[in-house]
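1. Just the structure for this:
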Amino acid sequence: MDVNTIEKKKYTREEIAQRIIDHGDLLVIYFNKVYRLNAWIKHHPGGEMVILHMVGKDATDEINAYHSDHVLRTKLPLFYFGDVDDQNGEGFKSLIAPIQYNWQQRDINNNRVLTPESLLSFKDEKMIQETNEQKHIIEAYRKLDYKLRFLGLFQCNYLDYARECIRYLFLACLALYFFVTATKPWHYYLSAIFLGAFWHQLTFTAHDAGHLGITHSYRIDTFIGMFIANILGGISIGWWKYHHNIHHIVTNSPEHDPDIQHLPFFAITPRFFQSIYSTYHKRILSYTWISAAIIQFQHFTYYIIMCFARFNLQIQSYIYLVKHPRSAYRFVEFCSLLMYWYWYILLLSYIPTYTQRFLYLFISYMVTMPLHVQITLSHFGMSTEDYGPCESFPSKMLRTTMDIACPTWLDFFHGGLQYQAVHHLFPRMPRHHLRQASYFVKQFADEVGLTYHMYGFVNGNAKVLNVLKDVAMQIKLMRDVATTTNIYDHH
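-> Down below sits the predicted model:
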C-alpha cells in the first residue's frame, strides 16, 4: 500500500511546535506534508546538522535543491508523518529550529529556555513576518528551476570533465618533469608551483563529487571524491561534505555557518565581538584580546593568511574524522589520507636539503591561495543578518552570496564556481553550466525585486577588504572609547 494513501493526522503549527519540544520529534515540512526524520538523521548522507537546521521549517525548496528525484520518490515517503492543517490556505509558516534558538536565553535557574511558544514567535524586528512577498519569490524560483531543467542545464556533459582531466594531467606532468630533471633549487620550486596549480584545479572536481554532481551516485561520487581530495590532496571529502552542506543551508550565519567562523584571524561582522556560540563547533567562539589584536589588522593580513588556508583545511579534516567515529567510510578515509602523506613525504625526501624541502612544501601549498580567496570572496562581503525562518530559500541565497564576473576564457581558472550565487540556488547543477544559468537568474531577480550581486574580481576583492576594514575600525573605535572612559574615571 502506498504510504501516501494512509490516513494521517493533520497538525497545526502549534501542534508541530509542541511535538518538537515535548516529544523530540524532528519534523520537517515538504509541500505541506509533515515528515518525521528521527529514524533517518543518523543515516543522512548530508550529515545530521543540516536536518537539525530544518526542523520545524518548510524545507520544500531546500529538499528539492539537494536531492534527486529518485530520493524524493522512494526515500522521503517512508518518513511521512501527517499533513499540515492549512485551513486558511496561507501555507505553513516556518518555526524557529530549536538548534537556532537564541542560546543565551536562560531562566532564573540558568537553564536554557526552550518552549513551543519560543519556536512560534519571532521577536526580532529584522525577522520577516509577512510571507506573501516570499510566496511570490518562491513561485518564481520554482518556475525558474523547471525552466533550467527543461533547457538541460542540469545534465552533466562528460566532455567538460575530459577536457579538464587533460589539463590536470598536463599540470601533474609539468610538476613531475621539473622535479625529476631538477639540477638547481629553482627547478624544485617550479615543480612546487605546478603541483599547487594541480591541486587548485582538482578542487573543482572534488567539489562536484561532494555534491554528487558527477555520476549522481552517492557511492561512486564519494569514491571519486576520496581519490581526488584524500589521496591526491590530503583533505577529507567526508569532512568537506559535512562542513559544506551546513554552509549551504545556513549561509553567512555567524552562529551557524562554519565558513565564516574564523576567530581569531577574521571577523566579518561585529557580532563576533560578543563571543557567540557556534552550533557547528559546539562551543563558544571566544573573542579575546588576541582576537582583537589580530582582527584590527585583518584587511592587511587577509591575503597573507589565505596563503596558509590549505593547512587549515587539512587540520579541520583530521579533527572531523577523529571526532566523528560514525562518519561514512571513515576507515577508507584514514587509509587514503595516509596514502597522500606517504607519496608527498616520499616526494619531499628526494629533495637534497631540508631548506629546499621546507620551501617546496610551502610554495606548493601557498600557490593555492587564489582558490581560497575566491571561496571567501563570495561571502565575506555579503549580508550576515538573520531574517528568520520565513525568509525564502532563493531570497537568502541571493542576499548572502555574490558572483564574480570574468571573461569566458578565464572560467578554467575559477572552475566555473565564480558563479556562487547561481550555485547556491541550484547546487546540483553542473558548474560548467552556471555561466549560462546566470543570465536567467538575473532575469528572475529583476522580476521578483531581489538584488543579484555580481562584481568584477577587483571590485569583489575591494568589497571584501572594505568589510574587513570596517570591522577592524570598530575594534579601534571601541579601544579609543575605553581609553577615554578610563581617563575620565581617573579624574
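2. Tell me which stretches of the protein form strands.
-> Assigned strands in the chain, in chain order: 10-11, 27-30, 33-36, 80-84, 277-278, 283-284, 403-405, 454-456 (criterion: DSSP state E).
3. how about these in a markdown table, adding mean neighbour count?
-> All C-beta atoms are positioned from the backbone trio N, CA, C, and that covers glycine. Output for the strands of the chain, formatted as a markdown table (neighbours: other C-beta atoms under 10 Å):
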| stretch | mean neighbour count |
| --- | --- |
| strand 10-11 | 17 |
| strand 27-30 | 24 |
| strand 33-36 | 19 |
| strand 80-84 | 18 |
| strand 277-278 | 16 |
| strand 283-284 | 10 |
| strand 403-405 | 22 |
| strand 454-456 | 16 |
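4. Can you check which of the ones you listed gets nearest to Ala65?
-> strand 27-30 (12.1 Å; C-beta to C-beta).
5. who are the neighbours of that closest one, in terms of helices and strands?
-> For strand 27-30, the helices and strands in contact under the criterion 3 or more C-beta pairs under 8 Å, 6 or more residues apart in numbering; DSSP states H and E are helix 13-22, strand 33-36, helix 60-66.
6. Minimum distance to Glu117: which of those has it?
-> helix 13-22 (7.7 Å).
7. Now that closest one: buried residues?
-> Arg13, Glu15, Ile16, Ala17, Gln18, Arg19, Ile20, Ile21 (16 or more other C-beta atoms under 10 Å).
8. for stretch 467-483, same thing?
-> For stretch 467-483, by 16+ other C-beta under 10 Å, it's Val467, Leu468, Lys469, Val471, Ala472, Gln474, Ile475.
9. Mind exporting the C-alpha coordinates of it to PDB?
-> C-alpha atoms of stretch 467-483 as PDB (Å, rounded to 0.1, in the frame of the first residue of the first chain):
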ATOM      1  CA  VAL A 467      34.100  44.900   5.100                       C
ATOM      2  CA  LEU A 468      37.200  43.600   6.900                       C
ATOM      3  CA  LYS A 469      38.400  47.200   7.300                       C
ATOM      4  CA  ASP A 470      35.100  48.400   8.700                       C
ATOM      5  CA  VAL A 471      35.000  45.700  11.300                       C
ATOM      6  CA  ALA A 472      38.700  46.400  12.200                       C
ATOM      7  CA  MET A 473      38.000  50.100  12.600                       C
ATOM      8  CA  GLN A 474      35.200  49.300  15.100                       C
ATOM      9  CA  ILE A 475      37.800  47.500  17.300                       C
ATOM     10  CA  LYS A 476      40.000  50.600  17.200                       C
ATOM     11  CA  LEU A 477      36.900  52.700  18.000                       C
ATOM     12  CA  MET A 478      36.000  50.600  21.000                       C
ATOM     13  CA  ARG A 479      39.500  50.700  22.200                       C
ATOM     14  CA  ASP A 480      39.600  54.500  21.900                       C
ATOM     15  CA  VAL A 481      36.300  54.800  23.800                       C
ATOM     16  CA  ALA A 482      37.500  52.500  26.600                       C
ATOM     17  CA  THR A 483      40.800  54.600  26.900                       C
END
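10. starting at the chain centroid, how far to that stretch?
-> 28 Å (C-alpha atoms, centre = their mean, to the nearest Å).
11. Also stretch 313-330?
-> For stretch 313-330 - counting by C-alpha atoms, centre = their mean - the centre lies 17 Å from the chain centre.
12. which residues touch it?
-> Contact partners of stretch 313-330, identified using C-beta atoms under 8 Å, 6 or more residues apart in numbering, comprise 42, 45, 222, 226, 234-236, 238-240, 242-243, 333-334, 337.
13. one more time with 6 Å
-> The contact list for stretch 313-330, computed with C-beta atoms under 6 Å, 6 or more residues apart in numbering, reads Gly234, Ile235, Ser236, Gly238, Trp239.
14. Could you rank the residues you listed by neighbour count and give me the top one?
-> Scoring these on neighbours with other C-beta atoms under 10 Å, the highest-scoring entry is Ser236 at 30 neighbours.
15. ok, the closest residue to that residue other than its chain neighbours to Ile237 distance?
-> Nearest residue to Ser236 in three dimensions, chain neighbours excluded: Ser317, at 3.6 Å (C-beta to C-beta, 6 or more residues apart in numbering). Here the criterion is C-beta to C-beta, to the nearest Å. By it, Ser317 lies 9 Å from Ile237.
16. So between the two, which is more surrounded?
-> Legend: neighbour count by other C-beta under 10 Å for Ser317 and Ile237, higher for Ile237 (28 against 23).
17. So what's the gap between stretch 336-348 and the chain middle?
-> 28 Å.
18. typo on my end, stretch 47-56
-> 14 Å.
19. Could I get the pLDDT score of the residue positioned nearest the centre of the chain?
-> With distances taken as C-alpha atoms, centre = their mean, the residue of the chain nearest its centroid is His247 (2.6 Å). According to the prediction, His247 has pLDDT 96.
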